[in-house]
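Asker: kindly generate the corresponding structure for this input.
(2 chains, ligands or ions: 4)
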Number of protein chains: 2
Amino acid sequence: MAAEAWVTLATNDSYAVGALVLAHSLKSANTTRPLVVMITDQVSTAMRDRLGVVSCLVQEVNVMDSHDSAHLALLARPELGITFTKLHCWALTAFSKCVFLDADTLVIQNCDELFEREEFSAAADAGWPDCFNSGVFVFRPSLETYSKLLSFAVSEGSFDGGDQGLLNSYFADWATKDISRRLPFIYNMTASGSYSYRPAYKQFGKNVRIVHFIGSPKPWQASEASAFQRPVPGDHIGLWWSIFVSHVLPCLSSEMTG
Amino acid sequence: MAAEAWVTLATNDSYAVGALVLAHSLKSANTTRPLVVMITDQVSTAMRDRLGVVSCLVQEVNVMDSHDSAHLALLARPELGITFTKLHCWALTAFSKCVFLDADTLVIQNCDELFEREEFSAAADAGWPDCFNSGVFVFRPSLETYSKLLSFAVSEGSFDGGDQGLLNSYFADWATKDISRRLPFIYNMTASGSYSYRPAYKQFGKNVRIVHFIGSPKPWQASEASAFQRPVPGDHIGLWWSIFVSHVLPCLSSEMTG
Ligand SMILES: O=c1ccn([C@@H]2O[C@H](COP(=O)(O)OP(=O)(O)O)[C@@H](O)[C@H]2O)c(=O)[nH]1
Ligand SMILES: O=c1ccn([C@@H]2O[C@H](COP(=O)(O)OP(=O)(O)O)[C@@H](O)[C@H]2O)c(=O)[nH]1
Ligand SMILES: [Mn+2]
Ligand SMILES: [Mn+2]
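Answerer: Ligands and ions are numbered 1, 2, ... in the order given. From the prediction side, this is the model:
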């Protein structure tokens, strides 16, 4: 079997905490694939070491900002420019197929079946469902695709200033071409899914495999009080915190939590 | 060419006002298909007459409530039980193919191409995008489907207590079977679409063909003040009101606005 891997990204110690919890959630779900964590030079040495313990491979990449601040301002999310760094995942050619997971995702049930999907597969964005959400996607590393994406980014920019706008323009036929490229929403359930249409969540929520904590605050920015609450069923933030408290917090040095 | 029609539903004079505005919007968009308005006995005689002037056919149907108030309570929308009445549209066998439009939709560009789609086509619900929104759908009237839907409703109920839950369970393979049954979001853009993911709205909003004012308040329940504002581009409520003020209000008797 050709090498396959999960891939995530952390450009600082804060998102690296997310990556650590994600790594533990993948382990708890008994995945058979390794996790690659792409990092940048702002990640502390202590954090790198810790990431090296829980993931198979820590890969340093360069920050590539989109410098498209007019569009970014629109989203009021200036920090998303950095997600252009995500494009580096296409350069991970040691692997034939990968699934990218944002560092703010949590795997709550085994979903290795995602590796049966083809590039480019992703789930609908609940905000505008003819776009996909770029927090979870199946792709094939390829230097050719990588360089095409970079040229496309330079010539076309991104309609939202981040990787999601760029990838949606590049893989523009996602919504209409092949239904198998459309991942079910249970593989990238954004928090809004549990309250925008409650009866659907009540009906289908038990099938959710990956939760995605889009927007702010991230779970690691939530009040520490939640750490002392026991998670109740369907309480995804509580689940995130229970993994954090049991597996991640005990190994964090003060250097990493700064 | 076999007979094709738009179909809407109004069980009272309030939704009938929506149907009147919708009828005018279809006319402004130069559709070549007629509009059938299904009504119930609560619609006043004056309103029936008025509906008869702007639509080709006013069809009286029986109210069939879902009596599934536990589920309805979940949505906090007890009035939705009445939408089971929508199922009557399958009994309109004078037509070979139809497009159902909620009375709270507004056609802003010609979209007769919808009649090229097959049963059952609908657009994703932005709340849980693996479900479709049942405010706009393409169907084929058929007494067989009609009776199957009724039996299904009785035996299975609806997970949201309304027609959307029922139709999503009945047409359960919509999300996975055939991408051509997935209408683009521009054919049923719910208001959330314009603010949940603004950059996508900015990029694709100009293509929007049908706007859907889901939830409360409906445009006809909005403050009358909006009637005196000139609509700005992309101001869909303003557009609704400008049609209402020019074409509908002058012909409403006090009997109908009670
Ligand atoms: O400063 C940042 C911002 C983002 N990311 C990475 O890019 C992903 C996308 O950003 P984010 O999840 O904040 O965006 P959202 O999902 O909220 O739109 C994150 O999950 C991280 O993997 C990062 O490493 N550093
Ligand atoms: O009391 C009612 C409620 C609903 N409807 C019809 O059923 C549709 C669906 O209900 P609504 O649009 O209120 O639901 P939403 O789209 O807000 O979920 C309406 O557009 C009308 O066509 C009706 O005639 N009378
Ligand atoms: Mn994210
Ligand atoms: Mn509606």
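Asker: identify the residues contacting the residue nearest to residue A:234 when sequence neighbours are not counted.
Answerer: Closest residue in space to residue A:234, ignoring its immediate chain neighbours: residue A:205 at 6.4 Å, by C-beta to C-beta, 6 or more residues apart in numbering or on different chains. Just so you know, the C-beta spots here come from the backbone N, C-alpha and C atoms, and that holds for glycine as well. By C-beta atoms under 8 Å, 6 or more residues apart in numbering or on different chains, residue A:205 lies in contact with A:189, A:194, A:234.
Asker: around the residue nearest to the first one when sequence neighbours are not counted, how many other residues sit close by?
Answerer: Spelled out, it's residue A:189. In space, and not counting its chain neighbours, residue A:189 is closest to residue A:208: 4.8 Å by C-beta to C-beta, 6+ apart. Residues lying near residue A:208 (other C-beta atoms under 10 Å in any protein chain shown) number 20.
Asker: follow-up on the earlier one: I'd guess the residue nearest to residue A:234 is in a helix, am I close?
Answerer: Yes. Assessed by DSSP: H, G, I helix; E, B strand; the rest coil, residue A:205 belongs to a helix.
Asker: now the residue of the stretch 1-150 of chain A found nearest chain B: phi and psi?
Answerer: Per C-beta to the nearest C-beta, residue A:127 is where the stretch 1-150 of chain A lies closest to chain B, at 3.0 Å. The phi and psi values for residue A:127, taken as degrees, to the nearest 10, are phi -70, psi -40.
Asker: doesn't residue B:192 make contact with it?
Answerer: Yes. Between residue A:127 and residue B:192 there is a contact under C-beta atoms under 8 Å: 7.4 Å.
Asker: now do the shared contacts for the two.
Answerer: With C-beta under 8 Å, 6+ apart, residue A:127 and residue B:192 have common neighbours residue B:126.
Asker: of the two, which one has the most company?
Answerer: The neighbour count for residue A:127 versus residue B:192, taken as other C-beta under 10 Å, is higher for residue A:127 (22 against 19).
Asker: quick one: residues contacting that one.
Answerer: A:192, B:126, B:192-193, B:196-197, B:200 are the contacts of residue A:127 under C-beta under 8 Å, 6+ apart.
Asker: can I get those in TSV with secondary structure?
Answerer: TSV is the format used below for the contacts of residue A:127 (three-state DSSP):
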residue	secondary structure
A:192	coil
B:126	coil
B:192	coil
B:193	helix
B:196	helix
B:197	coil
B:200	helix
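Asker: neighbour-wise, which of those residues leads?
Answerer: residue B:126 (27 neighbours).
Asker: residues in contact with that one?
Answerer: A:126-129, A:196, B:133, B:185, B:190, B:192-193, B:196.
Asker: just to revisit the earlier point, just the pLDDT for the residue nearest to residue A:234.
Answerer: Per-residue confidence at residue A:205 stands at 93 (pLDDT).
Asker: so residue A:4 sits against residue A:115, correct?
Answerer: Yes. In this structure, residue A:4 is within contact of residue A:115 by C-beta under 8 Å, at 5.1 Å.
Asker: identify the contacts common to those two.
Answerer: Common neighbours of residue A:4 and residue A:115 (C-beta under 8 Å, 6+ apart) are A:33, A:97.
Asker: quick check: which element contains residue A:243?
Answerer: Assessed by DSSP states H and E, residue A:243 sits inside helix A:236-243.
Asker: that helix - what's its average pLDDT?
Answerer: Rounded mean pLDDT across helix A:236-243 is 92.
Asker: ok, residues contacting the longest helix belonging to chain A?
Answerer: For chain A, the longest helix by residue count, based on DSSP state H, is helix A:13-28. Here helix A:13-28 makes contact (C-beta under 8 Å, 6+ apart) with A:6, A:8-10, A:35, A:37, A:39, A:42-44, A:47, A:50-51, A:54-55, A:101-108, A:218-221, A:240, A:243-244, A:247-248, A:252, A:256-258.
Asker: before we move on, what about stretch A:35-55?
Answerer: A:5-13, A:16, A:19-20, A:22-24, A:26-27, A:34, A:56-63, A:85, A:88-89, A:92, A:95, A:98, A:251-253, A:255-256.
Asker: so where do the strands sit in the stretch 151-258 of chain A?
Answerer: Taking DSSP state E, counting those that start in this stretch to define them, one finds strands in the stretch 151-258 of chain A at A:182-183, A:189-190, A:210-212.
Asker: figure out which of those strands is closest to ligand 1.
Answerer: Closest to ligand 1 of these is strand A:210-212 (C-beta to the nearest ligand atom; 6.4 Å).
Asker: which element follows the helix or strand of chain A with the lowest mean pLDDT toward the C-terminus?
Answerer: Every helix and strand in chain A was compared by mean pLDDT, DSSP states H and E; the lowest is helix A:69-75, with a mean of 40. Note on helix A:69-75: by DSSP H and E, the next helix or strand toward the C-terminus is strand A:97-101.
Asker: what's the angle between that following strand and helix A:13-28?
Answerer: Between strand A:97-101 and helix A:13-28, the angle comes out at 120 degrees (axes from the mean of the first three to the mean of the last three C-alpha atoms, to 10 degrees).
Asker: could you point out which element follows strand A:97-101?
Answerer: strand A:105-107.
Asker: can you give the strand pairings for that next one, parallel or anti for each?
Answerer: Counting by DSSP bridges, the strands paired with strand A:105-107 are strand A:210-212 (antiparallel).
Asker: is the partner strand in proximity to ligand 3?
Answerer: No. Interface with ligand 3: strand A:210-212 contributes nothing (C-beta under 5 Å from the ion), its closest point being 5.7 Å away.
Asker: give me the pLDDT value at residue A:221.
Answerer: So residue A:221 comes in at 88 (pLDDT).
Asker: residue B:192 versus the residue of the stretch 1-150 of chain A found nearest ligand 4, what's the distance?
Answerer: At 16.8 Å from ligand 4, residue A:129 is the closest residue in the stretch 1-150 of chain A, using C-beta to the ion. Distance of residue A:129 to residue B:192, given as C-beta to C-beta, to the nearest Å: 10 Å.
Asker: go on, residue A:89?
Answerer: From residue A:89 to residue B:192 the distance is 30 Å (C-beta to C-beta).
Asker: with residue A:60 instead?
Answerer: Counting by C-beta to C-beta - residue A:60 and residue B:192 are separated by 40 Å.
Asker: same deal with residue A:149?
Answerer: According to C-beta to C-beta, residue A:149 stands 30 Å off from residue B:192.
Asker: and the pLDDT for the residue most central in space within chain A?
Answerer: Nearest to the geometric centre of chain A sits residue A:102, at 1.0 Å (C-alpha atoms, centre = their mean). We have a pLDDT of 97 for residue A:102.
Asker: ok, it to residue A:86 distance?
Answerer: For residue A:102, the distance to residue A:86 equals 9 Å [C-beta to C-beta].
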